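**Student:** I'd like to go over a predicted model; first the sequence, then the structure.
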Amino acid sequence: MALTPYWFRHLRNLASRDPLTRVFEDPFAVFARDPFFRDPLKFIKSVTAPIENVEGVYSDHEIKVDGKKVEVRLDVQNFTPDQIQVKTVGNEIMVEGKKEIKKEDGWTRSHFERRFLLPEGFPPERVECHLDKGKLLLVAFRAEPLPERNVPIQEKNNTKEEKS
């Protein structure tokens with residue numbers, strides 16, 4: 001009788017060390033640690049959040065869109081102008097930077113590529129590129145400025161006067 005508490009304590013310690021035994025004791029503990037099963041709505045929002053936001057500040061570029069122009073600012077401090085190539089392909093702006101530095105113990109290579117799709121009405125022929133203090137500014141202008149026009153206000157009557 002005196003050995004029974006010892007065996008129970010030994011079985012409890014064995015279960016805490018062996019992962020397979022833990023799964024058999026509580027098979028649903030795996031779901032408690034998974035972020036999807038803890039809060040599915042929060043998990044889905046966090047996964048889809050980058051897709052919903054088109055404008056804003058990202059890791060190394062900033063996009064601003066208004067009615068007259070589209071501005072993209074890129075941080076290219078580690079690249080010289082001859083290491084950066086900007087070109088338009090169809091309705092898309094492609095920025096690519098490549099550099100190789102030879103060191104005593106080998107080579108260091110740096111490469112980046114960013115693509116930005118132009119909105120409709122912004123032709124690739126009207127894209128300008130400026131480099132200032134390690135910041136690359138791409139500006140795309142609208143094909144023709146939108147004319148200013150007055151929008152008439154139409155009054156809507158809520159009564160049923162003229163329904164005969």
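**Tutor:** Alright, I've got the coordinates.
**Student:** tell me where the model's unsure across this protein.
**Tutor:** The model of the chain has pLDDT under 70 over residues 1-30, 49-60, 145-146, 158-164.
**Student:** mind doing that once more with 90?
**Tutor:** Scanning the chain for pLDDT under 90 picks out 1-70, 72-82, 89-93, 99-127, 130-136, 140-164.
**Student:** quick one, strands of it?
**Tutor:** Ranges of strands in the chain, per DSSP state E, are 56-57, 61-65, 69-75, 84-89, 92-103, 106-117, 127-132, 135-141.
**Student:** could you dump the ones you listed into CSV and include mean neighbour count?
**Tutor:** All C-beta atoms are positioned from the backbone trio N, CA, C, and that covers glycine. Listed next are the strands of the chain as CSV, based on neighbours: other Cβ atoms under 10 Å:
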stretch, mean neighbour count
strand 56-57, 10
strand 61-65, 15
strand 69-75, 17
strand 84-89, 14
strand 92-103, 14
strand 106-117, 12
strand 127-132, 13
strand 135-141, 17
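**Student:** quick check: domain ranges of the chain?
**Tutor:** Using automatic domain parsing, the domain parsing of the chain gives 8-51, 55-141.
**Student:** got those domains as a markdown table, with distance to Pro152 columns?
**Tutor:** Listed next are the domains of the chain as a markdown table, based on distance: least, Cβ to Cβ, whole Å:
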| stretch | distance to Pro152 |
| --- | --- |
| domain 8-51 | 38 |
| domain 55-141 | 21 |
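**Student:** figure out which of those is closest to Lys156.
**Tutor:** With Cβ to Cβ as the criterion, Lys156 lies closest to domain 55-141 of the domains of the chain, at 28.1 Å.
**Student:** in contact with the closest residue in space to Pro123 that isn't next to it in sequence, which residues?
**Tutor:** Using Cβ to Cβ, 6 or more residues apart in numbering and skipping the chain neighbours, the partner closest in space to Pro123 is Ala143 (5.2 Å). Counting by Cβ atoms under 8 Å, 6 or more residues apart in numbering, Ala143 makes contact with 121-123, 126.
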